[in-house]
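Trainee: Here is a sequence together with a model predicted from it:
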Amino acid sequence: MLNKFKLTINDKVYLSPTITKELIVNALRNKETEFIILEPKEPIHTSLYMQYAATIEIRFLSAEGKMRHYSYIPENEDEIIVFFVDYFEKNKVPNIENWTDISASFRPNFFQRLAQKFKH
């Protein structure tokens, strides 16, 4: 492990060094897990965190302060596990080439602007 992490599984928080590959894998396989967030102490290739709750999402913040947020619908459980274990053990971000850029949905006032469109 090259980095320290914070792991949130549902409402329970774990900190390094109590986080293990087995803990992550078991949480991802557990049907009662609603969400999991893995946050490195130091960004991994400008990535601030990776999360899973029906889709896998990853967020990047460039040195210039530009935020990018991507979403991916996994093929299967094994694919999810590989992404999270590589992120945790190898400090490796997934190849996001085929992921959906959802950054615009996180921009300030996006939801307010969207609600205004439907009011008219």
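Mentor: Good, I have the coordinates.

Trainee: Show the contacting residues for Leu61.
Mentor: Under the criterion of CB atoms under 8 Å, 6 or more residues apart in numbering, the neighbours of Leu61 are Pro43, Thr46, Leu48, Met67, Arg68. In this view, the C-beta of every residue, glycine as well, is placed from N, C-alpha and C.

Trainee: From those residues, list the buried ones, please.
Mentor: By neighbour count, with 16 or more other CB atoms under 10 Å, the contacts of Leu61 hold Pro43, Arg68 as buried.

Trainee: out of the contacts of Leu61, which one sits closest to Arg29?
Mentor: Ranked by distance to Arg29 (CB to CB), the contacts of Leu61 are led by Leu48 at 25.0 Å.

Trainee: tell me which element Leu7 is part of?
Mentor: Using DSSP states H and E, Leu7 sits within strand 5-9.

Trainee: So which of the contacts of Leu61 is the closest to Ser103?
Mentor: Using CB to CB, the contacts of Leu61 come closest to Ser103 at Arg68, 5.1 Å.

Trainee: where do the helices sit along this protein?
Mentor: Here the chain has its helices, by DSSP state H, at 21-29, 77-90, 110-119.

Trainee: circling back: tell me which residues are up against the strand holding Leu7.
Mentor: Residues external to strand 5-9 that are found in contact with it (CB under 8 Å, 6+ apart): 13-16, 19, 23-24, 27, 33, 35-41, 88.
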